[in-house]
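Peer 1: model the following, please.
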Amino acid sequence: MSLLDNLEHTVDLKRPVVVTDAAGAQRQTLSTRSSGVSAWVQNASMNERAAFDKIDKKITHKVFFTTDRGLLPGDYIVPTDAPFADAQLIVRADAERSAGKNVLFGVFVELEPNTVPTSYL
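Peer 2: Residues are numbered from 1 along each chain as shown. Okay, the predicted model is just below:
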């Protein structure tokens, strides 16, 4: 069985939206675009982190999918299983797109500083 047939993690895909509350104030919230999506979450390499540091962007991980999920910078990926459960990953940029003869669609993400996976505690 190949990696493409069995991605290790399950995530929800969310996009920030602005809503107006009952008092008329606007606030940002996350709207779920897809739930239960198979994904592969990896730590970003030191070379990848250094390349993003040069352009004043921070990344911590890469997330891969078997199809293009239409993610944009600023979207959120929320893992629902260990070891990343309870973390929020913010999309920062596209990642490379190959896995041998097959294709994986990926994004570079940053671990939201205010969220820590339960496995890290």
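
Peer 1: output the longest strand belonging to the protein.
Peer 2: strand 26-43 (DSSP state E).

Peer 1: packing partners of that one?
Peer 2: Contacts defined by 3 or more CB pairs under 8 Å, 6 or more residues apart in numbering; DSSP states H and E place strand 26-43 against strand 9-20, strand 61-65, strand 76-79. Bear in mind the C-beta positions are built from the backbone N, C-alpha and C, glycine included.

Peer 1: just give me how far it sits from the chain centre.
Peer 2: Chain-centre distance of strand 26-43: 7 Å, with CA atoms, centre = their mean, to the nearest Å.

Peer 1: what's it in contact with?
Peer 2: Strand 26-43 has contacts (CB atoms under 8 Å, 6 or more residues apart in numbering) with 3, 7-21, 60-66, 69, 75-77, 79-80, 84, 89, 104.

Peer 1: buried residues in it?
Peer 2: Neighbour-count burial for strand 26-43, counted by 16 or more other CB atoms under 10 Å, picks out 37, 38, 39, 40, 41.

Peer 1: so which of those residues comes closest to residue 108?
Peer 2: Residue 108 lies nearest to residue 41 out of these, by CB to CB, at 11.6 Å.

Peer 1: beta partners for that closest one?
Peer 2: In this entry, residue 41 is beta-bridged to residue 63, by DSSP bridges.

Peer 1: with mean neighbour count, distance to residue 33 and mean pLDDT as extra columns, can I get the helices and strands packed on strand 26-43 in CSV?
Peer 2: Below are the helices and strands packed on strand 26-43 laid out as CSV (neighbours: other CB atoms under 10 Å; distance: least, CB to CB, whole Å; pLDDT from 0 to 100):
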stretch, mean neighbour count, distance to residue 33, mean pLDDT
strand 9-20, 15, 5, 93
strand 61-65, 22, 13, 92
strand 76-79, 22, 9, 94
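
Peer 1: TSV please, covering those strands and showing distance to residue 93.
Peer 2: Shown next, in TSV, are those (distance: least, CB to CB, whole Å):
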stretch	distance to residue 93
strand 9-20	16
strand 61-65	10
strand 76-79	13
